[in-house]
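Q: Any chance you could fold what I've pasted below:
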Amino acid sequence: MSGTGTRGLAVAVIEKGQVVLTKAYGVRNAANESLEIDTVMYGASLTKAAFAYLAMQLVDEGRLDLDKSISDYLPMSMPLPSYSLDADARAYAPWSNLTGDERWRNITPRILFTHGVGFVNFHFVEPDGKLRIHFALGSRYAYSGAGIMLMQFVLERGLGIDVGLEMQQRLFEPNNMTRTSLKPRNGS
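A: Residues are numbered from 1 along each chain as shown. Below you'll find the predicted structure:
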């Protein structure tokens, strides 16, 4: 921890499906409160794998096709660039920045999940703050939180799925993850 400047670390050792050791070291916040083994932590990108698990269940159910264009899931009257952060707080990213770039119509769930969409991680790291596609779809890998957010947007807007609720019902509750959620919860 001292070598990396890490202020807190929680460890769980699992053997043959059973937790055999849990230990917490250091502090959990700027107030220097001790990190405990039951401290609720921000999972950040760890949720991407859980979200992909949900999406693969939808594939198995025939509700999602990994190689179908995302444009096929969105309402015809609302193509992706018609959603903007200003007009739609649940747009997640300024999809309207893609106006004029018809490549968005060739984006598929597979391209999004394999980080081959060509977005930077998030639009706000672009010098001008605008989302754009930087390379031919699927031609290379570039980690992109915006790409995964686009997949969530497609599931919610295109398929009418409440992703947070589906994650609770399909993944967290069946696995006794009683303190896990996609959204912060007070007192949990």
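Q: Averaged pLDDT, stretch 15-35. What do you get?
A: Stretch 15-35 shows a mean pLDDT of 93.
Q: How about stretch 144-151?
A: 94.
Q: buried stuff in the helix or strand where residue 165 lies?
A: Per DSSP states H and E: residue 165 is located in helix 163-167. Neighbour-count burial for helix 163-167, counted by 16 or more other Cβ atoms under 10 Å, picks out 163, 166, 167. Heads up, the C-betas are built off the backbone N, CA and C, glycines and all.
Q: For the chain, which segments count as strands?
A: In the chain, the segments counted as strands under DSSP state E are 8-15, 18-26.
Q: And residue 130, how far from residue 93?
A: As for residue 130, its distance to residue 93 is 10 Å (criterion: Cβ to Cβ, to the nearest Å).
Q: any shared contact partners between these two?
A: In terms of Cβ atoms under 8 Å, 6 or more residues apart in numbering, residue 130 and residue 93 are both contacted by the residues residue 123.
Q: Which residue of the two possesses the greater neighbour count?
A: Per other Cβ atoms under 10 Å, whichever of residue 130 and residue 93 has more neighbours is residue 93, with 21 against 12.
Q: how about low-confidence regions in the chain?
A: Across the chain, the ranges flagged by pLDDT under 70 are 43, 87-90, 184-188.
Q: change it to 50
A: Counting by pLDDT under 50, the ranges of the chain that qualify are 187-188.
Q: ok so, going back, what would the buried residues of helix 163-167 look like in a markdown table with distance to residue 80?
A: Shown next, in a markdown table, are those (distance: Cβ to Cβ, whole Å):
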| residue | distance to residue 80 |
| --- | --- |
| 163 | 17 |
| 166 | 22 |
| 167 | 23 |
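Q: Can you tell me which of those residues comes closest to residue 151?
A: Of all the buried residues of helix 163-167, residue 151 sits closest to residue 163, with 9.3 Å by Cβ to Cβ.
Q: so the closest one touches residue 154, yeah?
A: No: Residue 163 is not in contact with residue 154 according to Cβ atoms under 8 Å; the separation is 10.3 Å.
Q: Show me how far the helix of greatest length in the chain is from its chain's centre.
A: Ordering each helix of the chain by length in residues (DSSP state H) puts helix 46-60 first. The gap between where helix 46-60 is centred and where its chain is centred comes out at 10 Å by Cα atoms, centre = their mean, to the nearest Å.
Q: can you check stretch 86-99 too?
A: On Cα atoms, centre = their mean, the centre of stretch 86-99 falls 16 Å from the chain's centre.
Q: what's the answer for stretch 39-46, then?
A: 12 Å.
Q: Mind listing the residues bridging to residue 11?
A: Listed by DSSP bridges, the beta-bridge partners for residue 11 are residue 23.
Q: That one against residue 22, yeah?
A: Yes: using Cβ under 8 Å, residue 11 is in contact with residue 22, at 7.1 Å.
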